[in-house]
Structures are given as C-alpha cells and as structure tokens.
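Trainee: no FASTA, just this:
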C-alpha cells in the first residue's frame, strides 16, 4: 500500500513535560484476585521511540497500556506519562491527560451506534469549539491517512476487521497525540492488511515522531518496523539501506511471569543468549 | 451453584451498594458540571418517553377500566355506583398510575440501559470513551437519569388520564353511568395531597430506573452472558426498588399531610 500524503500537523511536545521520557513505569505491580499479572516491572519509553511489547497471552501486555492511560490503577509502583504521575491523579484530571494520548484497542472498540465520521470526530466534538467545516476537514484528513475516506457514512458493523482497525487508528491520531498506544493492531488480520497497519504505524513514527507502545504477538511486524522506514517522497514504507539497521527509534520489551526479561533494541534482541528469548524469537 | 461465604456475600453487597451510591450521586452532581450533553438528553427523552408511550397508554387505560369493573360490583351492593369516578380517580392518581407506569418503564428501559451500557463495557467502548477523554458518567448516565425523571413525570400524567378514560368508558358503556357525573366526581374528589403524592413518585421512580439500569450496565462482566445477567438484574432490582420506595414514600407523605 502506498499511503497518501497528508497535511496533519506535527504533534508538539508539551512545555509542561520536561521529562526525557514519554512514559516511565517504576516498579509497577498489579494482581487480579490472586493472579499476579505484573510484578514490579520498570521501563522507560523515550520521546519519539516505539517500544514493542511481547509475551505470551496473559502476561499483562494490554494491562500495561491500560495502566499507562490510568484506566486501571496499579497495586504498587508509579507510572509517569508525559511527566505526570497517573497513579496519583484523580479521574477528572486524567481526562485532560488522556486527550494527549491516543489508543487503538485490540478489538478496535469503535462506538457501534455512531458512523465512521462520528467515531473519528468523537474527540474533536467532545472538545467543542471547532466549526463544522474544520471538523469535516480534520476527519477527512485522518481518514485519508488510513485510506478510508469513502467509509465516512458507514457504521462499524459494515466494515471489515482490518478497516475497523484503520478507523480506530484514524480516531486515535485525529488530534495528533504525543503518545500512541497500540493493542495488537494486527491481531487476527491477513498478512496484506497487517502490512498496511504496520506501514501506518511506521509512518506515524517516522513522519510525526510520535512516541508509542505497541503490543503485538507478531514478532515479524516488529522486525518489519525495525528494518523499514517511511519514505516521504514515495509515500511508502521502504527497507532501510544496508548497514543502517538499528537506527530507527524502536526497542523491544519481553514479559514473562509478570517480569521484564528483556528491554533493548533489535541488535541486542538478536544477540540475546537467554534460552527463552531465543526460543521466543526463533 | 457455587456457595459463597457469608462474609464474602456481605462484602460484595456493601461494595455494590457503595458503587451504586457513588454512581447515583455523581449522576446528580454532573448536572452542575460542564459539558452538558443536551443532544443526548433529547435523544434519550425520545427513546424513553415517546418510545414508552404505547405501553403506558395501554397500561393506564386498562388499569382504570379494570379498577372500575372490580369496584363497581362492590359499590352496586351499597347503591353507590356513582362513587366509581372517585374511586378510579384516587386509585389511579395516588398509586396505580405512578407505580404501574414506573414498573412498565422499568421493564422497558432499565433493561435497555443495562444491555446497552453492558455491551459497551464488554466491547471496551466505555474504556475507549474514557481513553478519548470523555467521562462516561457525564455522557451516558446523567442524560439517561434526567430524561427518565422528566419523561416518567409526564408519562404518569398520561397514564392517570388514560386510566380515568378507561374507568369512564367502563362505567358508561357497561354500567350506564352518566359520563358527566363520572368526570365531575372524579375531578372533585382530588385534593392537592393526591396530586402531589402522585407526581412526586414518578420523580423518585425515574431516578431509580435510570440509575439502577445504568449501574448494572456499567458493572456488567463476563461477555454476552454477563450482559444478559445484568439486564435481568436491572429489571428485578429496579422493580423491587420501586415497590420499596413507593411504600416508604407513601408512609412519609401520609405522615406529612395526614390521612385524607
């Protein structure tokens, strides 16, 4: 797929946020009933970087995203998002912070009673003070980014799984948030559609320099992101020139039994001697 | 069926009551906070009010009619058939109109709210709404609460009126009572206390229907089965709650105004 050119403005890092990291997890633990899901995990997501989270099902990857947004609270530890400690913020204050963060849910979580236009425009409509013409322009712009301009008046139930994910991406990026959280955006999709989604994520990373956490089960998606960059001239994702690997802002984090067992770049991952990691990436 | 310990049951019950109280209190507090979702309020008013009209009209009419039928046989024995208008009027306005309308709207709308919000919970739409910076209590619960309170008030008035019409039809067509006599006795018997009692109840019942329906929807867990369970619980709980509150509200109002 060749993504069309877009004129969405660059996300601007807030002046309030002086932290070098977009997200910091500091010794975070959470358990559901007696099941310890995260056990004292710590990691940092630098500004502009994409961090791919791996782990077998139930290791708490999606929980990390919900914790980062303050949708659930940890049992212990601190989470800093754009310099603010979300673990100590009231729900009312979190709504303000969440406007600076976008998320693409595993099953898209589009509002099924709203059209694609209304879904994508939801955040702008909630913020108010925007004219009809400007709203329409921004919605079309976001949808053109994911090549779904023609679906404006359709309902989510009329879209395919891949189209729903792309609409969810459009909804997440319409306000150009400073951080994007992707929860298994390619899960259950065919390879062609998966590549389309990966290309959109790479475009968001390379063109708009958005910091992001990417939960995925598909190692090949993350490796594609580590070995490709977005070429603005051709408006498509292209392989990195030979000898430049490791220069794209992407890192990998692997979870096992509620703990972080690997946090590093593609080179470090490829050269890891840990048996479990070697088995995981093979 | 899995047995749970009394301690766990007590803890769960207290927690549920606490969560319900917080939701109910916030739905009221949100009335004084921005943003206010007027479009959602009108949409819900249409769904709850206009949508419930046929069932409320039928319930009111036939309740009034059957009240007239049942009371006529007793009144005939004492040669007081002319009192039928008074009996239907007081019965409908004070008690049957508000309670039956409340129960009908609870069956229709508490279930609707629980299933709609429950489905949104299990498909992560509520999480998505929070993630997009919108408070689901402000956007979803408060408009439903306001619309239900407002529309149930008027639905009860319609139900009362249709009950009187039903009673009038039965008394004139079956018992040959003069309709003018029926309506004047039905009208004259009503005092402020009757009307106040009959109109304060739908406000309370509307609040119960919306908050209970939304509470069960928002606390739905466990996929489609959980949504089904939440829907059933919402109808049962709101109906029982309505009957309980009806008793205590009646007792309180009688202690304030005294017996007629």
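Mentor: Received it, and whenever you're ready, just let me know what you need. On a predicted model such as this, the values are computed, not experimentally measured, just so you know. Numbering: from 1, shown residues only, chains lettered A, B, ... in the order given.
Trainee: Point me to the residue of the stretch 151-260 of chain B nearest chain A.
Mentor: Nearest residue of the stretch 151-260 of chain B to chain A (CB to the nearest CB) works out as residue B:221 at 11.6 Å. For glycine as for every other residue, the C-beta is placed from the backbone atoms N, C-alpha and C.
Trainee: mind listing what that residue touches?
Mentor: By CB atoms under 8 Å, 6 or more residues apart in numbering or on different chains, the residues touching residue B:221 are B:121-122.
Trainee: For it, grab phi and psi.
Mentor: Per-residue torsions, residue B:221: phi -140, psi 150 (degrees, to the nearest 10).
Trainee: what's the answer for residue A:101, then?
Mentor: According to degrees, to the nearest 10, residue A:101 has phi -130, psi 140.
Trainee: Run a quick check on it versus residue A:176, I expect a contact.
Mentor: No - Residue A:101 is beyond contact range of residue A:176, at 11.4 Å (criterion: CB atoms under 8 Å).
Trainee: the more surrounded of the two?
Mentor: residue A:101 (29 against 19; other CB atoms under 10 Å in any protein chain shown).
Trainee: And the pLDDT for that one?
Mentor: As predicted, residue A:101 sits at a pLDDT of 94.
Trainee: what helix or strand does residue 168 sit in?
Mentor: Chain wasn't specified; assuming chain A. Assigned by DSSP states H and E, residue A:168 belongs to helix A:161-173.
Trainee: To clarify, I was referring to chain B.
Mentor: Applying DSSP H and E, one finds residue B:168 within helix B:142-173.
Trainee: Could you check how far that helix is from the centre of its chain?
Mentor: 11 Å (CA atoms, centre = their mean, to the nearest Å).
Trainee: And stretch B:120-137, by the same measure?
Mentor: 27 Å.
Trainee: now swap in stretch A:118-130 and tell me
Mentor: On CA atoms, centre = their mean, the centre of stretch A:118-130 falls 20 Å from the chain's centre.
Trainee: residues near residue A:223, how many?
Mentor: Residue A:223 has 17 nearby residues by other CB under 10 Å.
Trainee: how far away is the residue of the stretch 151-260 of chain B closest to chain A from residue A:270?
Mentor: As judged by CB to CB, to the nearest Å, residue B:221 and residue A:270 stand 42 Å apart.
Trainee: One more: residue A:42?
Mentor: Residue A:42 sits 23 Å away from residue A:270, going by CB to CB.
Trainee: Could you check the pLDDT of the residue sitting furthest away from the middle of chain B?
Mentor: Residue farthest from the centre of chain B, counting by CA atoms, centre = their mean, is residue B:79 at 36.6 Å. Looking at residue B:79, its pLDDT reads 81.
Trainee: quick one: secondary structure of it?
Mentor: coil (DSSP: H, G, I helix; E, B strand; the rest coil).
Trainee: got the residue ranges for the helices in the chain?
Mentor: Here I'm looking at chain A. In chain A, the segments counted as helices under DSSP state H are A:61-68, A:91-98, A:116-127, A:132-145, A:161-173, A:191-208, A:219-227, A:266-270, A:275-281.
Trainee: Chain B, not that one
Mentor: B:6-29, B:38-45, B:51-77, B:84-90, B:97-105, B:111-122, B:125-131, B:136, B:142-173, B:179-189, B:192-218, B:223-257.
Trainee: quick check, the first one touching chain A?
Mentor: Going back to what we said before, that points to helix B:6-29. No - counting by CB under 8 Å from any CB of the partner chain, chain A has no neighbours in helix B:6-29; the shortest distance is 10.1 Å.
Trainee: Can you point out the buried residues in that helix?
Mentor: Going by neighbour count (16 or more other CB atoms under 10 Å in any protein chain shown), the buried part of helix B:6-29 is B:20, B:23-24, B:26-27.
Trainee: who does it touch, helix- and strand-wise?
Mentor: Contact analysis of helix B:6-29 by 3 or more CB pairs under 8 Å, 6 or more residues apart in numbering or on different chains; DSSP states H and E lists helix B:142-173, helix B:192-218 as its packing neighbours.
Trainee: looking at those, which is closest to residue A:47?
Mentor: helix B:192-218 (35.6 Å; CB to CB).
Trainee: which residues touch residue A:206?
Mentor: Here residue A:206 is in contact with A:229-230, A:248 (criterion: CB under 8 Å, 6+ apart).
Trainee: Which residue is the nearest non-sequential neighbour of residue A:112?
Mentor: Distances taken as CB to CB, 6 or more residues apart in numbering or on different chains put residue A:156 closest to residue A:112, at 5.3 Å, once the chain neighbours are dropped.
Trainee: Averaged pLDDT, stretch B:221-237. What do you get?
Mentor: On average, stretch B:221-237 scores 94.
Trainee: That one: how far from the chain's middle?
Mentor: Using CA atoms, centre = their mean, the offset of stretch B:221-237 from its chain centre is 19 Å.
Trainee: can you tell me which residues contact residue 37?
Mentor: Looking at chain A here, since you left the chain open. Residue A:37 touches A:30-31, A:58-60, A:63, A:258, counting by CB under 8 Å, 6+ apart.
Trainee: could you do chain B instead?
Mentor: B:138-139, B:142-143.
Trainee: just those residues now: which is nearest residue B:123?
Mentor: Among those, and counting by CB to CB, the member closest to residue B:123 is residue B:139, at 16.2 Å.
Trainee: So the residue nearest in space to the middle of chain B versus residue B:166, what's the distance?
Mentor: With distances taken as CA atoms, centre = their mean, residue B:102 lies nearest the centre of chain B, 2.3 Å away. Counting by CB to CB, the gap from residue B:102 to residue B:166 is 18 Å.
Trainee: Same check on residue A:82?
Mentor: Distance from residue A:82 to residue B:166, by CB to CB: 64 Å.
Trainee: Residues of the stretch 1-150 of chain A that sit close to chain B?
Mentor: So the stretch 1-150 of chain A meets chain B at A:66, A:69, A:71, A:91-92, A:95-96, A:98-99, A:101, A:103, A:105-107, A:109-112, A:122-123, A:126-128 (CB under 8 Å from any CB).
Trainee: contacting residues for the residue of the stretch 101-250 of chain A at minimum distance from chain B?
Mentor: Nearest residue of the stretch 101-250 of chain A to chain B: residue A:109, at 3.9 Å (CB to the nearest CB). Applying CB under 8 Å, 6+ apart, we find residue A:109 in contact with A:168, B:123-125, B:127-128.
Trainee: Most neighbours of all those, which one?
Mentor: residue A:168 (28 neighbours).
Trainee: Give me the nearest residue to residue B:16, chain neighbours excluded.
Mentor: Here the residue nearest residue B:16, using CB to CB, 6+ apart, is residue B:219, at 7.6 Å.
Trainee: Noted, bye for now.
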